[in-house]
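1. Would you be able to build a 3D model of this:
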Amino acid sequence: MPETYHIDDLISQQAGARPNAPAILDAGEKTTFAQFDAYITAAAGALTAAGTIPGDRVLIVAENCLATAVFIHAASRAGAIAVPVNARMTEPEIARVMDHAAPRVAIFTSECSAEALAHAGDANRQDLGFGSFHMARYAPPAMDANIDRVAVILYTTGTTGAPKGVMLTHDNLLFAGSMSANLRKMTHGDRIYGVLPMTHVFGLASVLIACGISGATLQLETRFSPAKLYAALTSGVTVFPAVPQMHALLMQYASDQGLTRLIDSKLRYVSSGAAPLDPAWKAKAESFYGLPLQNGYGMTESTAGVSGTRNVIGDPDTSAGPPSPGVEVRIDCPAGADAGEVLTRGAHVMKGYFRAPEITAQTIDADGWLHTGDLGRLDDTGRLHIVGRAKELIIRGGFNVYPPEVEAALNDHPEVIQCAVIGTANGQGDEDILAFVQCRDPAAFDTKALASFAAVRLSGYKRPTRIFAVDALPAAPTGKILKHKLLDAFADRLNRKD
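-> As a prediction, this is how the structure comes out:
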C-alpha cells in the first residue's frame, strides 16, 4: 500500500469496484458502499467546516450504528484523529478522556444512543442523511506529541489514574484488518455480525476495518441481546467474532427455548477472544454451533491481533494459536518458571501512548518489543498459550495460581454461565482466592456443591477460598469481565461471613 494510504480509502475503493453492494446493515436499513463513501465525504466536510484541521482529535461518543462507522472514517478523510469512546461511560470518565485528548470537535451519536444524547448536552443537532447526531466545537491547545500517521486513539478499558490513549496508525489498522480478514477468509459474500463495540479495538480493527478490506457486509447491532443474536445467526450472518460472555448467554437463551444447537444457519466462522478457553466449554460451544470455535489473542496496544487458531471441529487445542504472519512473539521467562511475560513485535504494535512518552518507553523497548503484561508460554508447535495477567497472578502458600485455570474448572459445572477469579490479601501474609460465579438463580445455587465439584479438578492450593453466586458480573461493553471492579461490586457480600 502507498505511504499515504488511509483507512477511509478502503471505502472509496469498494465504492469504485462495487458501488451497489451492501456495506452496512443497521436497524434493518441497507447502506451501499457508494452511499457509505458519500456519507463519509459529507461528514468530513462537516468536520472541516467546524474548524477541524489535520492532526486534530475528533471525539466520537457513540454506540454501534451507521453514524459511528461514518465518523471514524470521516475523521481520517479530514486528516484528523478519531477518538471513539463508548457512550455508556459515565460523565466523569468521558470528561477525563476529553481533558486528555483535547478534541477540536465532539460527535455524539444521539439517534441510536440515549446515553450519547444525554452526554451531548447543548451541542448542536445535525443530520447529513445517515442519522442525526450532535456536534460540539472546542479550541484545543497545541499538543507536543508525535502523531504522524495516527488514525485513532483508543483509551483502554479499566485504566485508573491518568487516562492512557493508545495511538493506532493507519498502518496498524490496515495490517490488523488484513490479518483478521485473511484469518477468517472473508470475502464480499460474507456478512459479519457487528455487536462488538467499534469504540474498542476488537470491534474497530477486527470487524469494521476487516469489512472494509474484504468488502463484506457489516450487520451492526447497538447492544448485545441473545435473542437478536440468535435471529441474526439464522438469517444470513456468516462470520461471528465474539467474547465468551456472548457465547454463554446465547447458549443459555437457546436452552431456555428448548434448543440444544444452532439450526438453519449460514454461519461458517465463529471465534472467541479476550479470555482463554477450557476444553469442556469449547466442546460444548462447538456442539452448539456445529463449527470449530476459533480462538485468538491480542490487546489494544497490539491493534487486537497477535495470534489466532485455524482448527478443525473437535480439535482439543485450547491455545491462542500460532503468531499471525508478520508478527513476532517471544516469552520473557525467568529461569525455572513455566510461564513468562508475552512480548510481541511487528506492524501491529501501537505507535505509543498519546502525550505519555515515558509510559511508552516502559511498554515498548528499544528493540520494538511490546511488553504485554500477560503471562504465557509457547508450546513445541509454536502455539501461544495465555495463562493470565501478570498483575492477576495469585501467590498462595508460595505457589503460583493462574486465575484462568481455576475459572476453567468452575466453568465445567453445568449450572455455571461464566465466572471470574481474583486473589486478595488475607492479612496473614498470603492470598485468598475469590470466585464470583454467574448462574441462572443465585439464591438457589449450591456453592458448597460447586466447591466439591472443583475439589476433584484442582489441587488444594488452587481451590477457591470463597465462592459467590451472582446474577451478573461487571463487564465492559465488549463483554470483557472487569475484574478490578469485582471487590467494589460485591463489597456487601464480601463483608458477610456466609
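
2. make it CA atoms for all contacts and neighbour counts henceforth
-> Noted.

3. give me the element the residue most central in space within the chain is part of.
-> Residue closest to the average C-alpha location in the chain (C-alpha atoms, centre = their mean): Phe202, at 3.9 Å. In the assignment (DSSP states H and E), Phe202 maps to helix 201-203.

4. Just after that helix, pick out the following helix or strand.
-> Next element after helix 201-203 (DSSP H and E): helix 210-214.

5. could you say what helices and strands that following helix packs with?
-> helix 8-17, helix 170-184 (3 or more C-alpha pairs under 8 Å, 6 or more residues apart in numbering; DSSP states H and E).

6. Output that helix as PDB - backbone C-alpha positions only.
-> Listed in PDB are the C-alpha atoms of helix 210-214, where the atom choice follows Å, rounded to 0.1, in the frame of the first residue of the first chain:
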ATOM      1  CA  ALA A 210     -11.700  -6.100   8.200                       C
ATOM      2  CA  CYS A 211     -15.000  -5.500   6.400                       C
ATOM      3  CA  GLY A 212     -13.600  -2.500   4.500                       C
ATOM      4  CA  ILE A 213     -10.700  -4.600   3.300                       C
ATOM      5  CA  SER A 214     -12.700  -7.700   2.300                       C
END
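
7. and it, average pLDDT?
-> Throughout helix 210-214, pLDDT has a mean value of 98.

8. Check stretch 108-124 too.
-> Mean predicted confidence for stretch 108-124 is 96.

9. you'd agree the residue nearest to the centre of the chain is up against Val306?
-> No - taking C-alpha atoms under 8 Å as the definition, Phe202 is not a contact partner of Val306, at 11.9 Å.

10. just how off-centre is stretch 477-492 within its chain?
-> Centre-to-centre, stretch 477-492 and its host chain are 16 Å apart (C-alpha atoms, centre = their mean, to the nearest Å).

11. Below-threshold pLDDT in the stretch 1-150 of the chain: ranges please.
-> 1-4 (pLDDT under 70).

12. which residues in it form helices?
-> For the stretch 1-150 of the chain, the helices defined by DSSP state H, counting those that start in this stretch cover 8-17, 33-49, 66-77, 91-101, 114-120.

13. Check those for me and report the most buried one.
-> Among those, ranked by average contacts under mean count of other C-alpha atoms under 10 Å, first place goes to helix 66-77 (a mean of 26).

14. how far away is Gly273 from Cys419?
-> Applying C-alpha to C-alpha, to the nearest Å, the value for Gly273 to Cys419 is 16 Å.

15. More neighbours: the two, which one.
-> Neighbour count, other C-alpha atoms under 10 Å: between Gly273 and Cys419, Cys419 has more, with 24 against 20.

16. neighbours around Glu407, how many?
-> Here the number of neighbours of Glu407 (other C-alpha under 10 Å) works out to 23.

17. If you count contacts, what does the helix or strand hosting it end up packed against?
-> Secondary structure from DSSP H and E places Glu407 in helix 403-411. Counting contacts by 3+ C-alpha pairs under 8 Å, 6+ apart, helix 403-411 is packed against strand 384-389, strand 416-425, helix 447-455.

18. Was I right to think Phe436 contacts Asp471?
-> No - taking contacts as C-alpha under 8 Å, Phe436 lies outside contact range of Asp471: 9.7 Å.

19. doesn't Val329 fall inside a strand?
-> Yes - the assignment for Val329 by DSSP: H, G, I helix; E, B strand; the rest coil puts it in a strand.

20. Make sure it is actually in contact with Gly340.
-> No - if you go by C-alpha under 8 Å, Val329 and Gly340 don't touch, sitting 11.9 Å apart.

21. Of Phe436 and Asp471, which one has the most company?
-> The neighbour count for Phe436 versus Asp471, taken as other C-alpha under 10 Å, is higher for Phe436 (25 against 13).

22. For the residue lying closest to that one once chain neighbours are set aside, which three-state class applies?
-> Nearest residue to Phe436 in three dimensions, chain neighbours excluded: Phe468, at 4.8 Å (C-alpha to C-alpha, 6 or more residues apart in numbering). Secondary structure state of Phe468, per three-state DSSP, is strand.

23. Pull the contacting residues for Val150.
-> Going by C-alpha atoms under 8 Å, 6 or more residues apart in numbering, Val150 touches 81, 167-170, 351.

24. Now do it against Asp374, distance only.
-> For Val150, the distance to Asp374 - C-alpha to C-alpha - is 25 Å.

25. cool, and Arg463?
-> 22 Å.

26. These two - which one has more neighbours?
-> Neighbours were counted for Arg463 and for Asp374 using other C-alpha under 10 Å; Arg463 has more, 23 against 20.

27. my guess is that one meets Ala455, correct?
-> Yes - counting by C-alpha under 8 Å, Ala455 is a contact partner of Arg463 at 6.5 Å.

28. Leu172 against Gly346, yeah?
-> No Leu there; residue 172 is Asn. No - using C-alpha under 8 Å, Asn172 is not in contact with Gly346; the gap is 9.3 Å.

29. Between these two, point out the one with more neighbours.
-> Per other C-alpha under 10 Å, whichever of Asn172 and Gly346 has more neighbours is Asn172, with 25 against 18.

30. Name the SS class of the closest residue to that one other than its chain neighbours, please.
-> Distances taken as C-alpha to C-alpha, 6+ apart put His348 closest to Asn172, at 5.0 Å, once the chain neighbours are dropped. Classification of His348 using three-state DSSP returns coil.

31. Burial check on His348, number of neighbours?
-> Per other C-alpha under 10 Å, the neighbour tally for His348 reads 29.

32. Below-threshold pLDDT in the stretch 151-300 of the chain: ranges please.
-> Across the stretch 151-300 of the chain (using pLDDT under 70), the flagged ranges come out as 157-162, 274-276.

33. Do you have the strands of it handy? List them.
-> For the stretch 151-300 of the chain, the strands defined by DSSP state E, counting those that start in this stretch cover 165-169, 191-194, 217-220, 239-242, 269-272, 293-297.

34. which strands and helices sit next to the second one?
-> Put plainly, it is strand 191-194. Counting by 3+ C-alpha pairs under 8 Å, 6+ apart, strand 191-194 packs on strand 217-220, strand 239-242.
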